[in-house]
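Participant: fold the following and give me the result.
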Amino acid sequence: MNNVTPAGLASPCRADQDKLMNTKSEINRIGIVGAGAWGTALAVATQAAGRDVVLWARESTVVSAINEQHRNTMFLPDAELDPAIQATSDYADIAACDAVLLVAPAQFLRSICTDLSAHWREGVSAVVCAKGIEQGTGALMTTVVKEALPQAPLAVLSGPTFAAEVAKGLPTAITLACEDPDLGQALIKAIGTTTFRPYLADDLIGAEVGGAVKNVLAIACGIVTGRQLGSNARAALINRGLAEMMRLGRALGGKSETMMGLSGMGDLVLTCSSEQSRNMSLGAALGRGERLNDILGERNSVAEGVASAPAVTDLAASLNVDMPICSAVNAILHQDQGVEDIINGLMARPFRPEKP
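Facilitator: Numbering: from 1, shown residues only. Okay, the predicted model is just below:
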């Protein structure tokens, strides 16, 4: 006979309770989907935390290089990888893990999660590490994952992180957003170290919006740098860009304090301050007069802000949220607008009270 709660609902049996507790407390084997620079750096950090790591890559050359040379020669060649880090192109290997970090580019995440769904075990958590907004749907990445992997408990890992520095073990702080505090603590215990420090939050929307919008703003800061408009202009853009981020985040139900934290302001400051950022370096090239197609043709890594710019702009318009900087970046990237004309248009906007 089933145990029955006072409300008349069947309570979980002890075996199911134990299984749930194990899911939250014993995260020993971690899968990472996406073997770009960031996925590879997370593999290094997670293995350093004492976990078994399986790194999934679509490219067979990347899998071979990691397994045989212990180096990701395509995306993070300077990082020496521990031989214990395994690479695979088989989703079944990922399905055997206790938690999975989803680090694939944002615009490919839905198709990858759809392919993963046939292998996914009930209760295995999905940690969204991709930063972007889906084109066409305007969906945040957690919405994409919920639709493709409805059986997966969700978390978001986002913050100021250059992959090369994480791979070197340099001090890094990052947001781990999770609505279930027990799962959040279990994930932090699994991946946290003295140099890779996750801070727990419960606001997935705020963490996601920060990561997505900062990529678009970093392209704008790169344009300022490439155009040699000065440090004053870059500081002003970071500040007003943060205001745009917060307006969109609040409209979607996120919290201002989250976007003032590591996954918002922290990530924005980092990404807008160095051409280590793929998005800022792309913007700098645009500011110097290079053509977008030529810039993209010279790269094997993804600058997420290029794809997110129209998605952010469309989403903001649908919510009646004013985001002039993001709209300007989208006009330069996708509407064939000249950099000088866009800058002049922004500078000619009416004077207004300062509001976040």
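Participant: poorly predicted segments of the chain, please.
Facilitator: Within the chain, the stretches falling below the threshold (pLDDT under 70) are 1-25.
Participant: repeat the analysis, applying 80 as the threshold.
Facilitator: Scanning the chain for pLDDT under 80 picks out 1-25, 300-301, 355-356.
Participant: list phi and psi for the residue nearest to Cys97 when sequence neighbours are not counted.
Facilitator: Spatially, and ignoring its direct neighbours in sequence, Cys97 is nearest to Gly31 (3.6 Å; C-beta to C-beta, 6 or more residues apart in numbering). All C-beta atoms are positioned from the backbone trio N, CA, C, and that covers glycine. Gly31 has phi and psi values of phi -100, psi 140 when expressed as degrees, to the nearest 10.
Participant: same deal with Pro198?
Facilitator: According to degrees, to the nearest 10, Pro198 has phi -80, psi 140.
Participant: list the contacts for the residue nearest to Cys97?
Facilitator: For Gly31, the contacting residues are 53-56, 93-97, 99-101, by C-beta atoms under 8 Å, 6 or more residues apart in numbering.
Participant: now, of the residues you listed, which are buried?
Facilitator: 53-56, 93-95, 97, 99-101 (16 or more other C-beta atoms under 10 Å).
Participant: which one of the residues you listed is nearest to Phe162?
Facilitator: Nearest to Phe162 out of the buried ones among the contacts of Gly31 is Leu101 (C-beta to C-beta; 17.2 Å).
Participant: now do the same contact list for Gly289.
Facilitator: Val339 are the contacts of Gly289 under C-beta under 8 Å, 6+ apart.
Participant: in terms of helices and strands, where is it?
Facilitator: Assigned by DSSP states H and E, Gly289 belongs to no helix or strand.
Participant: report the separation between it and Ile223.
Facilitator: Gly289 sits 11 Å away from Ile223, going by C-beta to C-beta, to the nearest Å.
Participant: what do the two both touch?
Facilitator: Val339.
Participant: next, give phi and psi for Val54.
Facilitator: phi -120, psi 120.
Participant: for it, what are its contacts?
Facilitator: Contacts of Val54 by C-beta under 8 Å, 6+ apart are 29-32, 86-88, 93-94, 96-97.
Participant: now do the same end-to-end measure for stretch 194-209.
Facilitator: End-to-end distance for stretch 194-209: 27 Å, by C-alpha to C-alpha, to the nearest Å.
Participant: care to break the chain down by domain?
Facilitator: Taking automatic domain parsing as the reference, the chain has its domains at 14-202, 206-347.
Participant: end to end, how far does the last one reach?
Facilitator: Read it as domain 206-347. 29 Å.
Participant: which helix runs longest in the protein?
Facilitator: helix 204-226 (DSSP state H).
Participant: in CSV, list the C-alpha atoms belonging to stretch 215-235.
Facilitator: C-alpha atoms of stretch 215-235 as CSV (Å, rounded to 0.1, in the frame of the first residue of the first chain):
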residue,chain,number,x,y,z
ASN,A,215,27.4,40.6,-25.6
VAL,A,216,25.5,43.2,-27.7
LEU,A,217,26.8,46.1,-25.5
ALA,A,218,30.4,44.7,-25.8
ILE,A,219,30.2,45.1,-29.6
ALA,A,220,29.1,48.8,-29.0
CYS,A,221,32.1,49.3,-26.7
GLY,A,222,34.4,47.8,-29.3
ILE,A,223,33.1,50.2,-31.8
VAL,A,224,33.9,53.1,-29.4
THR,A,225,37.4,51.7,-29.0
GLY,A,226,38.0,51.1,-32.7
ARG,A,227,36.7,54.6,-33.5
GLN,A,228,39.0,56.1,-30.8
LEU,A,229,36.1,57.9,-29.1
GLY,A,230,37.9,57.8,-25.8
SER,A,231,37.5,56.4,-22.3
ASN,A,232,34.7,58.8,-21.3
ALA,A,233,32.5,57.5,-24.1
ARG,A,234,33.2,53.9,-23.2
ALA,A,235,32.4,54.5,-19.5
